[in-house]
Structure formats: C-alpha cells, structure tokens
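# Okay, here's the prediction I keep looking at, along with the sequence it came from:
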Amino acid sequence: MGHPELEFSAIPKLYGPENFWHWRMLLVSYLDAAELWKDDHPRENAHAKFILLASLRADVIDVAFDQMTPKQIFKNLDERLRPF
C-alpha cells in the first residue's frame, strides 16, 4: 500500500514552549498521513525517528535521543517543552 511522498519541511523546527503546539499539530498530522503515528505517539521505526529528530532545532536535541525510541523522545519533549 503506497502513498504519495509527503514533504515534511513545512513542519517548523521545535525551539521551545512558544511553538510547541504548532509543531506538535503539524508533526502529528504528517506522521499520521505517512502511517507513522499510532495511538498517541510515533511508531517505533527509523523513519518516524528521523522525521521527529529532523523537526527539532539543534539546541533542543539531547544526546540521549540517540539511544531512545521515537515514543520516548516524543514523551521527553512533551514533558520538557509543553507550555503548561
């Protein structure tokens, strides 16, 4: 089952609480359209992890993300940067 290539460059780079909701809505929409979103988190695969990491500004990335799953990374970002 194929789907057209989706362009993820429209997802803004997450830089902090100020753009968390904008980033989250667009990221979730993109991952869902690409069948890379399940329940309330990214699917556990390399493509989802790449898209997630590519949508972060460098100063938001933690070195620990290298060993974390997409679900763990998303949860970490949610806990650190959600504005409330």
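Structure received. Residues are numbered from 1 along each chain as shown.

# All the helices of this structure, residue numbers only.
Assigned by DSSP state H, the chain shows helices spanning 20-33, 46-54, 70-81.

# what's the shortest one packed up against?
Think helix 46-54. With contacts defined as 3 or more Cβ pairs under 8 Å, 6 or more residues apart in numbering; DSSP states H and E, helix 46-54 has these neighbours: helix 20-33, strand 41-42, helix 70-81. Every residue, glycine included, has its C-beta placed from N, CA and C.

# residues contacting residue 19?
residue 12 (Cβ atoms under 8 Å, 6 or more residues apart in numbering).

# Let me have the helices and strands packed on helix 46-54 in TSV, extended by mean pLDDT.
Shown next, in TSV, are the helices and strands packed on helix 46-54 (pLDDT from 0 to 100):
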stretch	mean pLDDT
helix 20-33	96
strand 41-42	98
helix 70-81	98
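
# got the contact list for the residue nearest the centre of the chain?
For the chain, the residue nearest the mean C-alpha position is residue 52 (3.2 Å; Cα atoms, centre = their mean). Neighbouring residues of residue 52 by Cβ under 8 Å, 6+ apart: 27, 42, 70, 73, 74.

# now residue 69
Neighbouring residues of residue 69 by Cβ under 8 Å, 6+ apart: 44, 49.

# circling back: now that we have the helices of the chain, can you turn them into a markdown table and tack on distance to residue 7?
Shown next, in a markdown table, are the helices of the chain (distance: least, Cβ to Cβ, whole Å):
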| stretch | distance to residue 7 |
| --- | --- |
| helix 20-33 | 9 |
| helix 46-54 | 11 |
| helix 70-81 | 20 |
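
# May I see the contacts of residue 52 organised as a markdown table, with distance to residue 81 and neighbour count added?
Shown next, in a markdown table, are the contacts of residue 52 (distance: Cβ to Cβ, whole Å; neighbours: other Cβ atoms under 10 Å):
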| residue | distance to residue 81 | neighbour count |
| --- | --- | --- |
| 27 | 12 | 23 |
| 42 | 16 | 24 |
| 70 | 16 | 24 |
| 73 | 12 | 22 |
| 74 | 11 | 22 |
